Each structure stands twice: as structure tokens, then as C-alpha cells.
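Asker: how would this look folded up:
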Amino acid sequence: MKETDLRARLEGLAERTAPPVQDPGDLTATVVARHHVQRHRQWALAAVAAVLVAVLVGVPAVLSRTTQDPAPAGPAHSSGIYTPPTRGDLSDDLDFVEGVRRLPWTTGTAGGDVPEPPLDTRHVVYASDVPGARWALVAGANPAVLPPDEGVDPADLDAIGSVAIAWFTGPADALANEMTLYSVPRLVLADQPTALSDTATGVAVVVGAPGDQIEVSRLSYVHSDGTPRREYSPEDAPDGMAVVNDSPVEGSIDRATRYRVTRDGEEFNGSPDGYPNPDFTPPDVELGRLHPAPSPALGDAAVTVGIDEVLSRTGVSTRALTFTVVWAGDLPTQDGGSARFTLLAVEFTEGGIYVLGALGWDGGGGFTTRACGSEARPAGTPLDEQLFVVRCAPDGGVPTNSLVVVAPPGTASVRALDASGGQLADYPLVDGVAVVPVPANLATVEVLDAAGDVVDQHAPMGHAPLGD
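Answerer: Numbers count the residues shown, from 1 in each chain. Got it, this is the predicted structure:
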């Protein structure tokens, strides 16, 4: 299918659906929003796009050692993250800083729960040139916790416990009035760091407090033992800020970057605000196949979605990955139609394997895709000698109730078992594959040889993290 056709169908879907915020295994939640983008300088005025960004990114999680309320009732200990002075190499450009401070905050539907902070409480936390652009972070008082009929001096922002923040961006050498809202305004605890990343340039900025130790991880990958891991590197952080330049992410959005901030023995972990690259074009990827390809179908585009999911979540280049379609075919849908299922294996150079099931179908005038599980596996066993078990069930909007088993050579049948090991059903394998209705109470699948001996067993795939 042509890229323009895929984009058009994804845009149509984006206008009708809003997938769950915190489901990293849901491929639609990642890519539908990514392909439904305009230039990000226009997003502040586009309510629909703002909704999609909120769905895709949600509120970037910042976790410390203790669970915290995003709008605490009492004052917080001042960390100095969001209070004066302004940091960044444009901090001395007083006209620019003041102009950015006065810019309107357009929250729209997605940011409706974050009222625009009063102007006299706002402070430009960070303003700087980055490669090809200008970025600024603005903070203001959360009106929900302002004392009645009282203002808050920007120098005392930390004292009210939580603040509203928003990122503004513009082209290189932009004037203040050329800066536009980049992120959906949101509330953060006054002692929580924040960050922004840009997929197209590979730039990330982490804003903490003066004296913070900042580490950044740009890659997540599956090690040879099958464990998803990531490594952090310490960053130079003068004044509590770190600017990281690295290779651009080949996916449509940077979901790979994570930061770790240490302050007085407390650790904060988070992911930057990140939004789809408006100029994103799916990379050309060579696909290997273990089984013959079925006739082309609309749902084949789910493979592109799955590849983008891996690239965006790992940050790893396609040069260090090998993509193989383990099996692809049609699953019966509940309305009497079919959906194209693709089992995709991604092998990391000198690492392990990440496997995901992608389901694509015509959702009634537009293209729809969902995940049917994922898992990480160790290196060592060739793909064609492994057993794969995938459950595509109606939960999460999936239109089929199918069990897909792809077995290694020498196997002849499938046995479905419940949690106690009791047999639920058995099925023949055809060319090493079985596609059958999901038995109730399914826990494990065994595959047997022609003599009835068990060759291997495996539970249906769940949803594996990728260092998230």
C-alpha cells in the first residue's frame, strides 16, 4: 500500500478513535496519532491534534522514591527548578524572555484541566538555541492552589507545591512572537524535573534544579539473555540543565529517551515531552520471511506500524536490527470478515529478539491496527526452530477471537491447556501453523510430534516492556 494511502487511512482513524493512554503494546496508540500531525507550530490552535497528542504522550511520568500527588495540599520544599533566574543561553535577551513570558497558553480540550496561569505568576525557566530551533520552558502558578485573592511571586512558585508548565518552540533565531506552544500545558510537582526531546534532530533538554546530577539514556535494547535493558550516561549539567545531542530517532516519535535525576539522595526518573515528527517518513526496511507471504491486503500496513513502534521505543537504528515476518495470514473477524495478522520478529545485533503481533483491518472506512501481544526472547535459537503462541481476543477493540500457533519443524498438532494442566482442546498443524478460536481458560499451549510426544510448550504472548 502506498505511503499516502496509509497516512490518509490513519488520519481518518485518528478523527474517530482515541486509544488508551498508557498501553505501550497498543500499536494504534502510537502510530495513529503520529501520522495525524501537522507542523507542530500549528498544534496550539488545533484542538483535535491536541487531543491526539495527549492520547499519545499522556502526562510524561516522573517517578521518585515516594508516591506523590500532582496537586498537593501543602507547600513543597523549594528545589529551585521553576523559580528565577532564567537559565539557558538566551537568558540575557530580556526582550525575548519577556515576550515569551507573555505568550498565550492555548490549552484546548486536551489541556482543559490545566488553567492558564496568571501572567504575573509566570516565569521563563529556560530559553536557549538548540540545533535548528529555539526552545523555551515557561512555568506559572497552578490557580487551583492559589490563596484566594492573592498572587504568587515567581520567586515563590515552588512554595505552592505544584506548578503549570508549557514548552514553546520556534525556528532558529525566532522572535518571541514566532514561538508557539509545543506541548500540552500540564501540572507538575514543584520539585520534579522536566524535559523535551525532538525526534527529527536528536536533541533532548533536561531541566532540573541547580546541583542536580543528571543521567540520560537514549537507547533501549534486548540483550542476548532476552532481557530488555537500558544504560544511563552522566551528563554535564551546569545550573541543573543538560542538553544532549545524539542521532535522530528513526521512528516517528522519541519514546526511547529516559532521564534520571539525583538530588540529595532522592532519584527522579522520567521521559521527556515528545511529539511526532511532522516530516516523518517510514524507513525502508528489508523483511525476511519464514513462511510464504499471503496475498496483499490492507492490513499489511500493520507491519509498518509495528516497525515504527520498535524504532520509536528503542531508539536503535535499522542498521542494528533484522526484521523477519515469522508468519502472516488472515484471522476471521466477528462480523464475518477478516483481519490481517503479522507476527514480526526483530533481532538486535549481538542481542536478543523482540517479537510482536500486529493486527490490521478495515475498520469501516479507515485502517485500524491493534497489537496482539509482544515478548522479548534470548538469542541463540534460530527463529524457524522456535514456538510462537499469540492470542488475539476481543478485549481492546480487537475484532477477532483467534489463537495463532506457529510451531517449529517436526511438530504435527497443538494441545491447549488450562492453568492446572488440563487439556482444553487439540488441533492439527497445517504447514506448522494453527489458527483456531481461543479456548476459554487457556493458559499454555503444547506442540506435539507425529508420535504424540511434546516437543515444546509456551504461554500466549503478553505485552513486554522495552526499557519503558
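
Asker: so where's the chain uncertain?
Answerer: Regions of the chain meeting the criterion pLDDT under 70 cover residues 1-78, 107-115, 146-150, 468.

Asker: The same query, at a cut-off of 50, please.
Answerer: Residue ranges of the chain with pLDDT under 50: 1-59, 65-77, 108-111.

Asker: Report the beta-bridge partner residues of the nearest residue to residue 231 once chain neighbours are set aside.
Answerer: In space, and not counting its chain neighbours, residue 231 is closest to residue 217: 6.1 Å by CB to CB, 6 or more residues apart in numbering. (Glycine included, C-beta is placed from N, CA and C.) Beta-bridge partners recorded for residue 217 (DSSP bridges): residue 258.

Asker: ok, residue 217 - contacts?
Answerer: Taking CB atoms under 8 Å, 6 or more residues apart in numbering, we find residue 217 in contact with 230, 231, 232, 233, 256, 257, 258, 259, 260, 467.

Asker: Contact partners for residue 229?
Answerer: Residue 229 sits in contact with 220, 221, 222, 223, 467, where contact means CB under 8 Å, 6+ apart.

Asker: Which entries within those meet the buried criterion?
Answerer: Neighbour-count burial (16 or more other CB atoms under 10 Å) is assigned, among the contacts of residue 229, to 220, 221, 222, 467.

Asker: Could you measure from the first one over to residue 230?
Answerer: Relative to residue 230, residue 220 is positioned 4 Å away (CB to CB, to the nearest Å).

Asker: Name the residues contacting each of these two.
Answerer: 258, 467.

Asker: Surely residue 355 and residue 377 touch.
Answerer: Yes - the pair residue 355 / residue 377 is scored as a contact, 6.3 Å apart, by CB atoms under 8 Å.

Asker: re the thing from before, distance-wise, check the residue nearest to residue 231 relative to residue 362.
Answerer: 39 Å.

Asker: same check, this time on residue 337
Answerer: 8 Å.

Asker: One more: residue 291?
Answerer: 23 Å.

Asker: Residue 415 too?
Answerer: 34 Å.

Asker: Quick one: residues contacting the nearest residue to residue 201 once chain neighbours are set aside.
Answerer: Computed as CB to CB, 6+ apart, the closest residue to residue 201 that is not its neighbour in sequence is residue 131, at 5.2 Å. The neighbours of residue 131, taking CB under 8 Å, 6+ apart as the test, are 201, 203, 245.

Asker: again, only using 10 Å
Answerer: 172, 198, 200, 201, 202, 203, 243, 245 (CB atoms under 10 Å, 6 or more residues apart in numbering).

Asker: hang on, the first one packs against residue 128?
Answerer: No - with contact taken as CB atoms under 10 Å, residue 172 and residue 128 are classed as non-touching, separated by 11.7 Å.

Asker: okay, and the common contacts of those two?
Answerer: Common neighbours of residue 172 and residue 128 (CB under 10 Å, 6+ apart) are residue 134.

Asker: Please say which of these two ends up with more neighbours.
Answerer: Taking other CB atoms under 10 Å, residue 172 and residue 128 do not tie; residue 128 has more neighbours (18 against 10).

Asker: The helix or strand hosting residue 164 pairs with which strands, parallel or anti?
Answerer: According to DSSP states H and E, residue 164 maps onto strand 162-171. Strand pairing for strand 162-171, using DSSP bridges, gives strand 133-141 (antiparallel), strand 180-181 (antiparallel), strand 186-189 (antiparallel).

Asker: Could you export the last one as CSV, CA atoms only?
Answerer: Coordinates of each C-alpha in strand 186-189 appear next as CSV, following Å, rounded to 0.1, in the frame of the first residue of the first chain:
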residue,chain,number,x,y,z
ARG,A,186,0.3,20.3,32.4
LEU,A,187,0.8,20.3,36.2
VAL,A,188,4.0,19.0,37.8
LEU,A,189,5.2,18.9,41.4
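
Asker: Could you pull out the strands in the stretch 351-468 of the chain for me?
Answerer: In the stretch 351-468 of the chain, the strands defined using DSSP state E, counting those that start in this stretch lie at 353-362, 367-377, 388-392, 402-406, 413-417, 423-428, 433-437, 444-448, 454-458.

Asker: And the stretch 151-300 of the chain, by the same measure?
Answerer: Secondary structure of the stretch 151-300 of the chain by DSSP E, counting those that start in this stretch: the strands cover 162-171, 180-181, 186-189, 194-198, 203-207, 213-217, 220-222, 228-230, 233-235, 241-245, 258-263, 266-270, 287-289.

Asker: and the closest residue to residue 226 other than its chain neighbours, how far is that from residue 438?
Answerer: Leaving aside its sequence neighbours, residue 226 sits nearest to residue 378 (CB to CB, 6+ apart; 3.5 Å). Look at residue 378 and residue 438: by CB to CB, they are 27 Å apart.

Asker: What residues are bridge-paired with the closest residue to residue 433 other than its chain neighbours?
Answerer: Spatial nearest neighbour of residue 433, excluding adjacent residues (CB to CB, 6+ apart): residue 406 at 5.4 Å. Here residue 406 sits in beta bridges with residue 388, residue 433, going by DSSP bridges.

Asker: Residue 369 now?
Answerer: Beta bridges link residue 369 to residue 360 when assigned by DSSP bridges.
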